[in-house]
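J.: Give me coordinates for this.
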Amino acid sequence: MDPTDSRPQPRRTLQDLLSPAIVAGVVLGVCLGSTWWLWRNASADAAQDIQADFDFRVRELVNSIAQRMQTYEQVLYGVQGLYISSDFVDRDEFHRYLDSQHLQQHFPGIQGVGYMRLVGGGQRELHTLAMRNDGFPDYSMRPPGERPQYAPIVYIEPFSGSNLKAFGYDAMSEPVRRAALERARDSGLPAMSGKVRLVQEDQREGEEQAGCLLVLPVYHNGQPQNTIEQRRAALTGWVYAPFRLGDVMAGLGGERAARLDVEIYDGDELGAASRMYDSRPGPPQPGMRHTMQKISLAGHRWTVRISGVPGSGVGAERDDKVQMIGSAGVLISGLLAALAWLLARSNLKARRALDRERLLAAELQEGQASLLAMADSAQRSQAVLRSILDSTVDGILVDNFEGGVLNSNRRFRELWNVPEHLDWRHDGAILLQQVAEQVAQPAVFLAAVARRPGENEVQQELLHLRDGRVIEQFTRGLRLGSAPARLWSFRDITDRTLGERREQTRRRVLELLATGAPLQTILDSVVHGVEEGQPGLRCAILLLDEESRRLHVRAAPSLPPFLSAAIDGQSVDQPDGYCGQAVQLGRRVIVADIAQDGLWSQYRDLARQAGVHACWSEPIRAASGAVLGTFAIFPSAAQAPSVAQLALMEQASRLAGIAIEQAQAAIALRAGEERFRSLYDHAPVALWEQDWSAVRAELAELERSGVDDVPGWLRANPSQVARLAGVVRIIDVNAAALAQVGAPPGSKDTVALTLAQNFDAGAMPAFAQALGALAQGAHLFACESSFERLDGVQRQNELTLLVMPGHTHSLDFVIVSTVDITERKRMNDELLVLATTDFLTGLPNRREFMARLDDEQARLQRDISERGAVLMLDLDHFKRINDEYGHATGDAVLRHMAGLMRDSQRKIDTLGRVGGEEFAVLLPGADMANAAAFAERLRQRIAGTPLEVDGRLLAVTVSIGIAALDAGDSSGDAALVRADKALYCAKRGGRNRVEQVLQCEPGRPETARPED
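T.: Numbering: from 1, shown residues only. As a prediction, this is how the structure comes out:
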């Protein structure tokens, strides 16, 4: 120690300790510690915000998936409704309905909508035959093989492209699809299948997607469906929709979902075999947030793994703002440490104090500029945050439990109609009161205001507003710095809620219509469907009377009886009320305030007593456009309807119109059935109701055993035809049928009746023809048959068999009409004989002979190599016989002549009497030599067989002329003329001889005929 140093030692020691390095180190340590504390708090807040954003995106994506699949379910419900509203949906009706839905435009991701028909194990061949007859000759069910049941795809829309691969595919052949079909069949609800490979899927590498099916059962209309057994018995098929998971997820969630890595697995297990969709193939990136969500869709569960994507700002572990705080803190700490070091060093270097001071000032200015830049950046970040909040679809509000509103976005103010002049930042109670006044039940909202949710605790409420809107409310506790706060989220779900309610009402009304419920029950259901979820509305349905003059209340369960009685019976011609005016004008009438409207002058006091202050009336129209009545809504407050309420009112009026028309149609149907039954029982034509289903089953068994030609088999097995006729059941007959078969009057016992009363043993070939025609799908068959009366008498009848619509394949409902034509046939036969036969000789007359001659001439013209000849015969001296012996003897000679000709003819020859004593013979296939030989034998036979008259023998001779048929003649009459010329030659040549045309002398007069 220097003895000359007079400074105090403690002061020197302190100065030594406060060296520039130590001061700088202390300052640096304090600043870094402060920076670390601030960075930790900012990191926690940033992590909390990022986690909230991540959770929100996940929840929004999961809800979007569920809503999209629910939308697909509604599509299938619509197709199911088509089947419920119709006894049979053909292919064209199915196409028109789905074509009007514009599936590709309104329902992205859906591959199509189809219909699987339930086919029993023994009906495979019948089904295939029916589909081929329906216009698909190459149709076959795939894959082949025998199964207890089949579910082939018979309809699918759009019926083009890859959907054609699904046509005919049997979904029962694959276990995953079969499990979904059976679950839907037993529950009556939609069922989602597990992971499958769609038959529409191409096999190009890298483009195949996992798929699934959504199925909904279709049951027989009118059959009970309360138990599993009843639903299985009533099942007719399934409507279904196939999905490719990649197409379903495309564009789902918008830009938010695009920043997430989404993986969907079938069931609860995660693995490559169960993976159905992966938006970003590959393992999840480490350090990113992820979550597992379970989604239950139509009775089937999916597991969804959602992770953040690097660089997207979603699910990251750090935030740029936090990094900026840390970097800025370290930088400022270094600057402050340097500043402290400089200040300490200035004590040691006084000469450089001024320079150091200037340098420090410059450094301070630079730091201030940096801080100003950071503040400007923070303001820009706040502006960006405000822009994001104002662009969200949800209304956002943040308060502090003490009546102070910390923040809100533009959507919140639009949703709750907050006026611009309201000072919501300084008086949150006024803002919350503004919200409560718009809620139909303010107590629900005020109770939510009074609750103090814990940190991260989420509470949900459903708010019904006075104007008909429905708001979904979420409240969540959080912490802003050290103070607790609450985040409110409001979303308008009016369209979704009203859509679900409308669909529920429509489905309930359609079910009531399908089960034949009374009209009053259906109308009450329509009214309740509108009033549900609308506590401030009361509804009524008023219908026109038969004269369309007055309106009567048909359904008003919520209106006071005195008001219903007052408005019942309103006149339409001179309307003194809102509903009469709606019917007269044919359009909607809105009375926003009953107290101020003249139409309600006489009902004003009653309306005030009933607690209704407005009235909206919508005309109920039929399908033709005619007005049937009105649907009226009575709000409890004076107001005009919102857009949602107008839509609800329009749908209710349409449902009421459908119900009224269905009820009227049912009444008309019952009346028609009664008229049909009366016509059936009293029809003058014999009518038989028969069941041929047992015969159809036998033929189906034949087809399965390999018999392709059923009509040919029936012709080859007549004994089997008789056996099949024995299994036809006669269900019912009318009085004309009983009288036709000789049943006792007034008796209707069908036990004694068999098919023999339509087809007896001799008519089995006609029965076989009828059976073959009906088995091949014919709806109508007519034939003539013979039948046996109950007393054993054989008769003839004319039958018409008609298969009733819808029973073509089963043949269990066949209507047979029969007409007894025995007397008509007898009279026709007699008339035919009279028209074609000579009454004296019994030979064909001239008209019949000439017809057969023309037929033979036409045959020669078709085959010129054929031959034929014609003979003309004339009795010699027949006039003398009449003069000497009388006309009775002449008639006997003619009959004697006809008998000898019959004895000489061949089976193919035709005889005829063409004049008084003139006869003709047609010899098909004979040339002139053969004809001449035949004629000579006949002449000799006649000449050698005299006729005995009164004990005396009368010689009879005949002259014969022969001519050949020529294919060049225009008709057979030309050959007959030539034969007649040859006959003249025979007469002139001395009679009792045979002459040909060529043997006649040329130039000899042919008009002069020897006198007989």
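J.: Quick one: residues contacting Val710.
T.: Counting by C-beta atoms under 8 Å, 6 or more residues apart in numbering, Val710 touches 699, 702-703, 772, 775-776. To be clear about C-beta, it is placed using only N, CA and C from the backbone, and glycine gets the same treatment.
J.: Please disregard the earlier target; I meant Tyr240.
T.: Contacts of Tyr240 (C-beta under 8 Å, 6+ apart): 76, 113-116, 171, 213-216.
J.: what helix or strand does it sit in?
T.: In the assignment (DSSP states H and E), Tyr240 maps to strand 235-244.
J.: Using CSV, write out every CA atom in that strand.
T.: Provided in CSV are the C-alpha atoms of strand 235-244 (Å, rounded to 0.1, in the frame of the first residue of the first chain):
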residue,chain,number,x,y,z
LEU,A,235,-87.5,-55.5,-46.5
THR,A,236,-87.5,-55.0,-50.3
GLY,A,237,-84.0,-53.5,-50.7
TRP,A,238,-81.6,-50.7,-49.8
VAL,A,239,-80.8,-47.3,-51.2
TYR,A,240,-77.2,-46.5,-50.9
ALA,A,241,-74.4,-44.1,-51.8
PRO,A,242,-70.7,-45.1,-52.5
PHE,A,243,-68.0,-42.7,-51.4
ARG,A,244,-64.3,-42.3,-52.2
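J.: which element follows that strand toward the C-terminus?
T.: Downstream of strand 235-244, the first helix or strand assigned by DSSP H and E is helix 245-249.
J.: show me where pLDDT drops low in the stretch 601-750 of the chain?
T.: For the stretch 601-750 of the chain, the stretches flagged by pLDDT under 70 are 672-673, 676-679, 746-747.
J.: Buried ones among the contacts of Val710?
T.: Neighbour counting with 16 or more other C-beta atoms under 10 Å marks 699, 702, 772, 775 as buried within the contacts of Val710.
J.: Quick check: the gap between the first one and Cys783.
T.: It refers to Leu699. Here the criterion is C-beta to C-beta, to the nearest Å. By it, Leu699 lies 18 Å from Cys783.
J.: what's the model's confidence in the strand holding Tyr240, averaged?
T.: Mean pLDDT, computed over strand 235-244, is 91.
J.: what's the distance between it and the middle of its chain?
T.: 11 Å (C-alpha atoms, centre = their mean, to the nearest Å).
J.: Run through the bridge partners of Leu947.
T.: Here Leu947 sits in beta bridges with Leu954, going by DSSP bridges.
J.: What lies in contact with stretch 940-958?
T.: Contact with stretch 940-958 is made by 873-877, 881, 885, 889, 892-893, 896-897, 900, 903-904, 938-939, 991-992, as judged by C-beta under 8 Å, 6+ apart.
J.: Could I get the buried residue list for it?
T.: 942, 947, 949, 954, 956, 958.
J.: measure that stretch end to end?
T.: Chord length of stretch 940-958, first to last residue, is 9 Å (C-alpha to C-alpha, to the nearest Å).
J.: and that stretch, how far out from the chain's middle?
T.: 89 Å.
J.: Stretch 982-1001 too?
T.: 86 Å.
J.: Could you pull up the mean pLDDT of it?
T.: 84.
J.: Now that stretch: buried residues?
T.: Buried residues in stretch 982-1001, counted by 16+ other C-beta under 10 Å: 982-989, 991-997, 1000.
J.: go on, stretch 380-396?
T.: 389, 394-396.
J.: Now intersect those residues with the strands, please.
T.: Counting by DSSP state E, those place 395-396 in strands.
J.: Let me know the closest of the buried residues of stretch 380-396 to Ala766.
T.: Asp394 (79.3 Å; C-beta to C-beta).
J.: mind pulling up the phi and psi values for the closest one?
T.: Asp394 has phi and psi values of phi -100, psi 150 when expressed as degrees, to the nearest 10.
J.: now do Trp692
T.: The phi/psi pair for Trp692 (degrees, to the nearest 10) is phi -100, psi 20.
J.: Does the closest residue to it other than its chain neighbours belong to a helix, a strand or coil?
T.: With sequence-adjacent residues excluded and distances taken as C-beta to C-beta, 6 or more residues apart in numbering, Trp692 is closest to Leu811, at 3.9 Å. Put simply, Leu811 is coil when judged by DSSP: H, G, I helix; E, B strand; the rest coil.
J.: residue contacts, Leu811?
T.: 691-693, 695-696, 774-775, 803.
J.: separation between it and Val710?
T.: Taking C-beta to C-beta, one finds Leu811 at 13 Å from Val710.
J.: got it, and Ser571?
T.: 68 Å.
J.: need the contact list for Gly806.
T.: The neighbourhood of Gly806, defined by C-beta under 8 Å, 6+ apart, consists of 87-88, 813.
J.: Quick one, which of these are buried?
T.: Using 16+ other C-beta under 10 Å as the burial test, those include Phe813 as buried.
J.: Distance of Thr494 relative to Gln473?
T.: Relative to Gln473, Thr494 is positioned 13 Å away (C-beta to C-beta).
J.: Restricted to strands, list the contacts of stretch 940-958.
T.: 873-875.
J.: export those residues to JSON lines and tack on neighbour count, distance to Ile730 and pLDDT?
T.: Shown next, in JSON lines, are the ones in strands among the contacts of stretch 940-958 (neighbours: other C-beta atoms under 10 Å; distance: C-beta to C-beta, whole Å; pLDDT from 0 to 100):
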{"residue": "Leu873", "neighbour count": "26", "distance to Ile730": "58", "pLDDT": "94"}
{"residue": "Asp874", "neighbour count": "23", "distance to Ile730": "62", "pLDDT": "94"}
{"residue": "Leu875", "neighbour count": "23", "distance to Ile730": "61", "pLDDT": "93"}
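J.: nearest to Leu976, of the residues you listed?
T.: Among those, Leu873 lies closest to Leu976 (C-beta to C-beta), at 12.1 Å.
J.: quick one: that closest one and Leu953, what's the gap?
T.: Distance from Leu873 to Leu953, counting by C-beta to C-beta: 21 Å.
J.: just Lys825 next, same as before
T.: To Leu953, Lys825 is 44 Å away according to C-beta to C-beta.
J.: Surely Ile864 and Asp966 touch.
T.: No - using C-beta atoms under 8 Å, Ile864 is not in contact with Asp966; the gap is 9.8 Å.
J.: more crowded one of these two?
T.: The neighbour comparison of Ile864 against Asp966 (other C-beta atoms under 10 Å) goes to Asp966, with 15 against 10.
J.: Could you say which helix or strand holds the closest residue to that one other than its chain neighbours?
T.: For Asp966, ignoring the flanking residues on the chain, the nearest one in space by C-beta to C-beta, 6+ apart is Ala975 at 6.6 Å. Using DSSP H and E, Ala975 falls within helix 973-988.
J.: That helix: how far from the chain's middle?
T.: Taking mean C-alpha positions (C-alpha atoms, centre = their mean), helix 973-988 and its chain are 79 Å apart.
J.: Would you map the helices across the stretch 551-700 of the chain?
T.: Counting by DSSP state H, counting those that start in this stretch, one finds helices in the stretch 551-700 of the chain at the ranges 561-567, 578-585, 604-610, 643-682, 693-704.
J.: what's the spacing between whatever helix or strand comes next after the last one and its chain's center?
T.: Scanning the chain past helix 693-704 towards its C-terminal end, the next helix or strand to appear is helix 710-716 (assignment: DSSP H and E). Taking C-alpha atoms, centre = their mean, one finds helix 710-716 lying 39 Å from the centre of the chain it belongs to.
J.: So for helix 710-716, could I get the coordinates as PDB, restricted to C-alpha?
T.: Provided in PDB are the C-alpha atoms of helix 710-716 (Å, rounded to 0.1, in the frame of the first residue of the first chain):
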ATOM      1  CA  VAL A 710     -90.700 -74.200 -71.400                       C
ATOM      2  CA  PRO A 711     -93.400 -74.100 -74.100                       C
ATOM      3  CA  GLY A 712     -91.700 -76.900 -76.000                       C
ATOM      4  CA  TRP A 713     -91.400 -79.000 -72.800                       C
ATOM      5  CA  LEU A 714     -95.100 -78.500 -72.100                       C
ATOM      6  CA  ARG A 715     -96.000 -79.800 -75.600                       C
ATOM      7  CA  ALA A 716     -93.700 -82.800 -75.200                       C
END
